[in-house]
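Got a predicted structure here, sequence first:
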Amino acid sequence: MAFTSHADGIIDIRRQHAQRVAGGQDTLRDHIVAGLLRPVGQKELPTMLLYDERGLRLYDDITTMAPEYYLFPAEEQILKDHADQIVRSMHAYTGGAPALEEVVVELGAGLLVSSSLRKTSHILLALSRMVTPTMDHTPIHYYALDLEERELSRTLGSLGDSDVGEAIQGKVSTKGICGTYDDGLQFIEEGGLEGRGNLGRLPTAFSEQYKVEKTNRDTSPSSGSSRSTEATEDTPPSTPGVHQPLHVLFLGSSLGNFSRGEDVAFLRSLPLRAGSGDTLLLGLDQDNAPEEIEAAYNDPKGITKTFILNGLRCAGKALGDENLFGEDKWEYVGKYNEQERRHEAFYKAKAAHAVVDPVTKAEYSFDANELVRIEVSHKYTDQDAYSLFTNANLRPIHRWTDSASKYSLWLLERPQFLFPLLASPATASALPESSALSVRVSASTPFGLPCIEEWQTMWSAWDFITQRMIPPSMLFQKPIDLRHICLFYCGHIPTFLSIHLARLLNEPDTEPVQYKYIFERGIDPIVDDPTQCHSHSEVPTCDEDWPSLPSILAFQARVRARLLKLYGDIDTGKVELTRKVARVLFMTLEHEAFHAEPPAWTTLAEAWNSAPPPTTPTVTLGPTTVILGHDDDEADDASTDVAGHDFGWDNEHPRRAVQVRKFAIDVRPVTNGEFFEYYNGKGKGIAQFPASWIEEDGETRVRTLYGPVPMDVAQHWPVVTSYDNLSAYATVKGGRIPTEPELRLFMDMFACGYEGGANIGFRHWHAVPATTGGEKDAKGHNGGVWEWTSTALDKYDGFVTSKLYPGYSTDFFDTHHQVVVGGSYATIPRLAERRTLRNFYQHNYPYAWVGGRVAYDLAE
């Protein structure tokens, strides 16, 4: 297939689109006809009709002459104020410096008309400021992708002639790609931009297809939307890779023109490689006041109306007669659909009439007042955005909002692993019929039988933590004196699974059998007297006596294969699926998930360092009745009624009602900054120095997986420290640590959950500022920590010890352990979102990812 290039530096890939059309794929005409053949009330025209050359110039007028269109100035403010920070965050993977032959691609860059030029110019200038004089060639290559070639060429030329073009000369080259989104993304994915702008270095296969001529002058476009920010959320990109990074810009809330679901599919299609440093800078409009949104799309000067009606001329032109749809027969109607959270633009027929297709002679009739939809612009709540990203397999690195919090710019990456939303667990119907691992059981609850996808995601997380975050030099070290060496936990997880599979199936243990005597059970000695400890495995005392890591990983692979075989046997009916079988699978998966947190302490940025304050520091709750626990009796495990059953650990059963008196509680947990002030003030000589802090060069810093960060960066994060520390702090504040029922009541009312942005499931790899109690929505998250309660772990009425894992709770009914609830940033959603879950740690144990908040007694 042939591709052409022009002297203005534009690669024309539209021939690929023409070949697809010749091969039977739909044309623009096809889409127009299909939309006009729909029933009354459902007719529509393609949105791309709005963006011909005239439409782009009209859009430019909207951005410069219609102040009601708040999206543009909000984006511009974000980019103007934070372009350098945005670019630094994009390059966190490469240490804040551009990579050799780096590529930045702007989607829909035909919108880089004159006004928008000044927005993307902020990014281009910030990129150029990263280039050092020691670089002997242009290291960064910017490509503007759009279907309108003339507008693309004009914009690139305008940029080259501007002060911005002069400033970036020799640092950022600017070129164009003429084609559709699909064409461009396929071109990039197939390696069309490998060589990173050095046009003599294109791979042989592509140098023959893309006859690119070098331009005499670097020219560059600007973009249709960007953002700047008052509020900031940031965490470095997660994982390394071998390819040079690709940075994609999709600004202007253009994604809002896709339907729900199509936006997910489009983001999934982006050629971002997991763990490579590739990023996506995405602009999204927020769910602002309906009257404000409607005004943005219906300015009093009528510019938007002219812009929309221009689409009728384009529709007629595509059918063969640009005057086919007479504008005098139509009017523009725009309205905000609050239920769907989208603005909808329509053509409204002034009277009943018909048009005849000049090519096919088909007749398309319209009733009086009939609406034909031309555009939708979806708006995104935080829950919409986080759900979108998770479903699209993207992880937020950083978020910026404008000063009025109307618009957001998100920086995203494709992570090595990502936990799916609990609202949409994998079901058998999503798996191929030929799969031997489907297990045809209705996934009507996220807390029931784990599906294969959950295991695979958990294994990806576990392998990344244990094999890539823990260096080989630390395998025989004890980062925590009260725990085993790191290597122990590499063997413990597959051993625990092997033991329970063998018992369940009445089969021999996985070889080598001796592993179960080394790795069966870890330790949790009493902090004040480490000689006191529950029963546990006897482990080697010399490094050379431990099994090697390769042998442990080979064992792990055999155990995992054994588990997959069990799913296959369930699927075929060879093994009957009872609640006991499902319970073993639930228990072993969640056991692995619990253990994914402690290794993070062994490897302990410009990060989230601000958060809007809560509208009120405390809320008053009660008196009321709180329901704790659920009914999950192991005595019923012979039952085959598995679908829809929620499983839990023995300390979650049975369901019980608890009375709570009137009390007040802080809407956010104690922060590093608040505890630091207490530690150096009223807590001096009383409080213990938190293990999550470290002293460096006389400065207190907060530990993260990326290294210690200054206290002023992490001051708004929840402090991670012991119960004793936080209980003493609460006393000084005139309060106390809440009981389990009190904290459960608060979380039931105010927690936003994983799909609402809660920092769990490695969404961020450190704590972040809490968001509960915000002005727009009182619901939020606590920043990514478990929370202490004043409830001691102990027996209660109805408690029954587990037969499968008898020592899980009872070994710790010792007056030393406190109940903690919720989950940390390293807790998988399945655990953190189950409201009945009760975890526990010793009251003076310093190494758990646990924070806390203060409650206050009130008179009834």
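Cool, the structure landed. Residues are numbered from 1 along each chain as shown.

tell me the residue furthest from the middle of this protein?
In the chain, the residue that sits farthest from the middle, by Cα atoms, centre = their mean, is residue 361; the gap is 49.7 Å.

what's the distance between that residue and residue 322?
When Cβ to Cβ, to the nearest Å is the yardstick, residue 361 and residue 322 sit 18 Å from each other. The C-beta positions use only the backbone N, C-alpha and C, and glycine is treated the same way.

chain center to the lengthiest helix in the chain: distance?
For the chain, the longest helix by residue count, based on DSSP state H, is helix 549-572. On the basis of Cα atoms, centre = their mean, to the nearest Å, helix 549-572 sits 30 Å off its chain's mean C-alpha point.

From the contact counts, what lies against the first helix or strand past it going along the chain?
Towards the C-terminus, the helix or strand next in line after helix 549-572, according to DSSP states H and E, is helix 579-595. Helix 579-595 is packed against helix 452-464, helix 486-505, helix 549-572, helix 829-832, with contacts defined by 3 or more Cβ pairs under 8 Å, 6 or more residues apart in numbering; DSSP states H and E.

Run through who's touching helix 579-595.
Outside helix 579-595, the residues within contact range by Cβ atoms under 8 Å, 6 or more residues apart in numbering are 448-450, 454-455, 458, 462, 489, 492-493, 496-497, 500-501, 504, 563, 566, 570, 575, 634, 636-642, 645, 647, 649, 804-805, 827-828, 830-831, 839.

Now restrict those residues to buried residues only.
With neighbours counted using 16 or more other Cβ atoms under 10 Å, those contain these buried positions: 448-450, 454-455, 458, 462, 489, 492-493, 496-497, 500-501, 504, 563, 566, 570, 575, 634, 637, 642, 645, 647, 649, 804-805, 827-828, 830-831, 839.

give me phi/psi at residue 646?
Dihedral angles phi and psi of residue 646 (degrees, to the nearest 10) take the values phi -90, psi 130.

Isn't it up against residue 655?
No: Residue 646 lies out of contact with residue 655 (Cβ atoms under 8 Å); the separation is 10.6 Å.

Can you list the buried residues in stretch 84-103?
Going by neighbour count (16+ other Cβ under 10 Å), the buried part of stretch 84-103 is 85-94, 98-99, 101-103.

now it: how far from the chain's centre is it?
Put simply, stretch 84-103 sits 20 Å off its chain's centre (Cα atoms, centre = their mean).

Just the C-alphas of it, formatted as CSV.
Below are the C-alpha coordinates for stretch 84-103, written out as CSV (Å, rounded to 0.1, in the frame of the first residue of the first chain):
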residue,chain,number,x,y,z
ASP,A,84,6.0,22.6,32.7
GLN,A,85,4.6,20.4,35.4
ILE,A,86,2.5,18.5,32.9
VAL,A,87,5.6,17.9,30.7
ARG,A,88,7.6,16.8,33.7
SER,A,89,4.9,14.4,34.7
MET,A,90,4.8,13.0,31.2
HIS,A,91,8.6,12.3,31.4
ALA,A,92,8.7,11.0,35.0
TYR,A,93,9.6,7.6,33.5
THR,A,94,12.7,9.0,31.8
GLY,A,95,13.8,11.0,34.8
GLY,A,96,12.3,14.3,33.6
ALA,A,97,14.3,14.4,30.4
PRO,A,98,13.2,13.7,26.8
ALA,A,99,14.0,10.3,25.3
LEU,A,100,15.9,9.9,22.1
GLU,A,101,13.6,10.3,19.0
GLU,A,102,10.6,10.8,21.3
VAL,A,103,7.2,11.2,19.6
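
Spit out the residues that contact residue 646 and residue 655 alike.
For the pair residue 646 and residue 655, residues contacting each of them under the criterion Cβ under 8 Å, 6+ apart are residue 630.

Measure how buried residue 381 is and give me the count.
Residues contacting residue 381 under the criterion other Cβ atoms under 10 Å number 15.

Neighbours of the closest residue to it other than its chain neighbours, how many?
Counting by Cβ to Cβ, 6 or more residues apart in numbering, the nearest residue to residue 381 once its immediate chain neighbours are dropped is residue 287, at 4.8 Å. The local packing of residue 287 (other Cβ under 10 Å) involves 20 other residues.

Please tell me how far residue 287 sits from residue 776.
Using Cβ to Cβ, one obtains 9 Å as the distance from residue 287 to residue 776.

can you give me the mean pLDDT across stretch 353-365?
For stretch 353-365, the mean pLDDT works out to 96.

ok, residues contacting that stretch?
Contacts made with stretch 353-365 from outside it, assessed by Cβ under 8 Å, 6+ apart, are listed as 33, 36, 37, 319, 320, 321, 324, 325, 329, 352, 366.

Mean pLDDT and distance to residue 121 added to the helices and strands packed on helix 579-595, as TSV?
Below are those laid out as TSV (pLDDT from 0 to 100; distance: least, Cβ to Cβ, whole Å):
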stretch	mean pLDDT	distance to residue 121
helix 452-464	94	38
helix 486-505	93	49
helix 549-572	96	51
helix 829-832	96	41
